[in-house]
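S.K.: whatever this is, show me its structure:
(one chain, ligands or ions: 1)
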Amino acid sequence: MFDALTRQPDDPLLALIGLYRKDERPGKVDLGVGVYRDETGHTPIFRAVKEAEKRLHETQDSKAYVGPEGDLVFVDRLWTLVGGDTINRSHLAGVQTPGGSGALRLAADLIRQMGGKRIWIGLPSWMNHASIFKAAGLETAGYPFFDVPSQTVLFDTMMSALQGASAGDAVLLHAGCHNPTGGVISEAQWLEIAAVVAERGLLPLVDLAYQGFGRGLEEDVVGLRHLIGIVPETLIAVSCSKSFGLYRERTGAIFAVTTSSSSADTVRSNLAGLARTSYSMPPDHGAAIVRTILSDADLARDWKEELETMRLRISGIRQSLAEGLRDRWQALGAIAAQEGMFSLLPLAEADVMRLRNEHGIYMPGSGRINIAGLKTAEVGDVIDKLKNL
Ligand code: PMP
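M.R.: Numbers count the residues shown, from 1 in each chain. The predicted model follows:
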């Protein structure tokens with residue numbers, strides 16, 4: 001019966017990791033994989049995470065099931081980070097999920113369950129967005145988001161596309177640190193988006209996967225908080241993978257901002273039911289770590305400090321890259337003001353292959369680069385190689 005299956009294409013980013021590993025050239029540079037790297041090229045475990053793990057090791061006395069909703073103290077503390085005091089908490093339904101991907105999938109399943117059919121996604125977006133939504137049975141539609149040659153957010157075109165969306169459609173928005181473009185939506189633009197979404201009767205699904213990597217922990221959720229203040233119902237998919245460096249621990253949450261406590265209760269029961277028939281319950285360890293950190297003022301302070309160091313490192317590399325590239329490509333001066341780990345270079349696939357084959361500089365065919373994959377000492381060399389294409 002397995003003969004009925006056809007081989008699926010390998011994930012291009014995972015294939016790229018394999019090629020990079022095999023490359024024996026000493027100066028090779030990996031700008032492909034989407035994880036934070038420090039100045040030594042290492043993806044560190046936060047100090048606060050290590051300390052929280054130590055405490056959990058000493059105090060945790062059972063591995064009995066937690067439940068499909070996961071760790072509700074984690075969910076509550078995480079919401080404080082995301083939403084602050086913006087809404088009445090009795091109107092909020094939150095459920096722990098296996099990472100941001102699990103949150104997005106649960107959101108898509110919920111949308112299907114309530115009769116939703118279509119979700120609008122920015123072009124381009126994280127590759128997995130469309131795949132997750134389609135796997136859940138949603139139809140996807142694209143709104144223009146970013147022009148790569150000019151490195152600009154296509155705000156007006158995006159707004160016109162959203163004006164054409166039908167009531168009941170969902171709209172995926174990145175809270176910030178856009179993957180793959182780094183393109184920034186200003187506070188004023190968030191207000192405009194919120195107005196159109198509310199007026200057209202759309203359901204926003206906001207993907208928050210990089211809080212603290214853009215302008216700062218609070219600053220990175222300003223737009224999202226405006227949105228939930230204006231639009232009556234919103235879904236928010238949160239990933240702790242980057243902000244807490246917990247990638248493989250699969251830690252995240254899905255939140256639904258609703259209009260009443262009874263609506264929140266119904267949504268929560270649906271999310272729990274969907275989790276139950278999918279993966280039953282989320283893994284505990286990562287959420288227990290985040291709960292421990294966010295419940296202890298000293299650990300939380302240390303975590304914030306370390307996150308800020310990461311943010312500043314990325315921002316510094318952005319400034320140097322932009323400075324070095326803008327005289328050859330004026331548009332790339334925009335890299336300095338973009339946010340998060342990624343930018344999308346206006347390269348033809350042949351240029352991407354030349355960089356890989358001739359110079360050992362690895363990025364996917366799209367030209368997306370992980371800024372955090374660069375060490376300060378490598379920036380000058382990468383700039384030279386890009387300029388000489
Ligand atoms: N959303 C975006 C925009 C992402 O870039 C990622 C991870 N690359 C995710 C969601 C999912 O993250 P997680 O590893 O927590 O599933």
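S.K.: hey, let's count contacts and neighbours off CA atoms from now on
M.R.: OK.
S.K.: which ones are touching Phe133?
M.R.: Phe133 is in contact with 104-105, 108, 119, 139-140, counting by CA atoms under 8 Å, 6 or more residues apart in numbering.
S.K.: of those, just the buried ones, ChimeraX syntax please.
M.R.: In ChimeraX, selecting the buried portion of those, with burial taken from 16 or more other CA atoms under 10 Å, looks like this:
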select :104,105,108,119,140
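S.K.: for the contacts of Phe133, which one is nearest the ligand?
M.R.: Proximity of the contacts of Phe133 to the ligand, judged by CA to the nearest ligand atom, is greatest for Leu104, which lies at 7.5 Å.
S.K.: contacts for the helix or strand harbouring that closest one, please.
M.R.: Leu104 is part of helix 99-113 when elements are defined by DSSP states H and E. Helix 99-113 has contacts (CA under 8 Å, 6+ apart) with 96-97, 117, 129, 132-133, 136-138, 170, 205, 207-209, 235, 237-241, 247, 249-254, 270-271, 274-275.
S.K.: check whether it contacts the ligand.
M.R.: Yes: using CA under 6 Å from any ligand atom as the criterion, contacts between helix 99-113 and the ligand involve 99-101.
S.K.: mind listing residues that contact the helix or strand just after that helix?
M.R.: Using DSSP H and E, the next helix or strand after helix 99-113 towards the C-terminus is strand 118-123. Applying CA under 8 Å, 6+ apart, the contact partners of strand 118-123 are 129-130, 133, 138-146, 158, 169-173.
S.K.: go again using 10 Å as the cut-off
M.R.: Judged by CA atoms under 10 Å, 6 or more residues apart in numbering, the contacts made with strand 118-123 from elsewhere in the structure are 108, 111-112, 129-130, 133-134, 137-147, 154, 158, 161-162, 165-166, 168-174, 180-181, 202-205.
S.K.: filter these down to the buried ones.
M.R.: When these are checked for burial by 16+ other CA under 10 Å, the buried set is 108, 111-112, 129-130, 133-134, 137-138, 140-147, 154, 158, 161-162, 165, 168-174, 180-181, 202-205.
S.K.: quick one: mean pLDDT over stretch 138-153.
M.R.: For stretch 138-153, the per-residue pLDDT values average out at 98.
S.K.: and that stretch, end to end?
M.R.: 26 Å (CA to CA, to the nearest Å).
S.K.: using PDB, write out every CA atom in stretch 97-116.
M.R.: As requested, the backbone C-alpha atoms of stretch 97-116 are provided in PDB (Å, rounded to 0.1, in the frame of the first residue of the first chain):
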ATOM      1  CA  THR A  97       1.200  24.400  21.800                       C
ATOM      2  CA  PRO A  98       4.100  22.500  20.300                       C
ATOM      3  CA  GLY A  99       6.000  25.600  19.100                       C
ATOM      4  CA  GLY A 100       4.700  28.400  16.900                       C
ATOM      5  CA  SER A 101       4.100  25.900  14.200                       C
ATOM      6  CA  GLY A 102       1.700  24.000  16.400                       C
ATOM      7  CA  ALA A 103       0.000  27.200  17.300                       C
ATOM      8  CA  LEU A 104      -0.500  28.100  13.600                       C
ATOM      9  CA  ARG A 105      -1.800  24.600  12.900                       C
ATOM     10  CA  LEU A 106      -4.300  24.800  15.800                       C
ATOM     11  CA  ALA A 107      -5.400  28.200  14.700                       C
ATOM     12  CA  ALA A 108      -6.000  26.900  11.200                       C
ATOM     13  CA  ASP A 109      -7.900  23.900  12.500                       C
ATOM     14  CA  LEU A 110     -10.000  26.300  14.600                       C
ATOM     15  CA  ILE A 111     -10.700  28.500  11.600                       C
ATOM     16  CA  ARG A 112     -11.900  25.400   9.700                       C
ATOM     17  CA  GLN A 113     -14.000  24.300  12.700                       C
ATOM     18  CA  MET A 114     -15.800  27.600  12.700                       C
ATOM     19  CA  GLY A 115     -16.600  27.500   9.000                       C
ATOM     20  CA  GLY A 116     -13.700  29.700   7.700                       C
END
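S.K.: what residues sit buried inside that stretch?
M.R.: If you call a residue buried by 16+ other CA under 10 Å, then stretch 97-116 has these buried ones: 97-112, 116.
S.K.: swap in stretch 4-17?
M.R.: Under 16+ other CA under 10 Å, the buried positions of stretch 4-17 are 16-17.
S.K.: ok, stretch 279-297 next?
M.R.: Of the residues in stretch 279-297, 281-294 count as buried by neighbour count, 16+ other CA under 10 Å.
S.K.: hmm, back to that, from the contacts of helix 99-113, which ones fall inside helices?
M.R.: Secondary structure defined by DSSP state H assigns 129, 132-133, 270-271, 274-275 of the contacts of helix 99-113 to helices.
S.K.: ok, now which ones touch Glu24?
M.R.: Glu24 makes contact with Gly360, according to CA under 10 Å, 6+ apart.
S.K.: helix, strand or coil for it?
M.R.: State at Glu24, reduced to three classes by DSSP: H, G, I helix; E, B strand; the rest coil: coil.
S.K.: restricted to strands, list the contacts of helix 99-113.
M.R.: Secondary structure defined by DSSP state E assigns 96-97, 170, 205, 207-208, 235, 237-239, 252-254 of the contacts of helix 99-113 to strands.
S.K.: on that earlier part again, CSV for the buried residues of stretch 279-297, including distance to Glu51?
M.R.: Shown next, in CSV, are those (distance: CA to CA, whole Å):
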residue, distance to Glu51
Met281, 25
Pro282, 22
Pro283, 19
Asp284, 17
His285, 13
Gly286, 13
Ala287, 14
Ala288, 12
Ile289, 9
Val290, 11
Arg291, 12
Thr292, 9
Ile293, 9
Leu294, 12
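S.K.: which of the residues you listed fall within helices?
M.R.: Among those, the ones falling in helices (DSSP H) are 285-294.
S.K.: closest to the ligand out of those residues?
M.R.: Distances from the ligand to those, taken by CA to the nearest ligand atom, are shortest for Gly286, at 10.9 Å.
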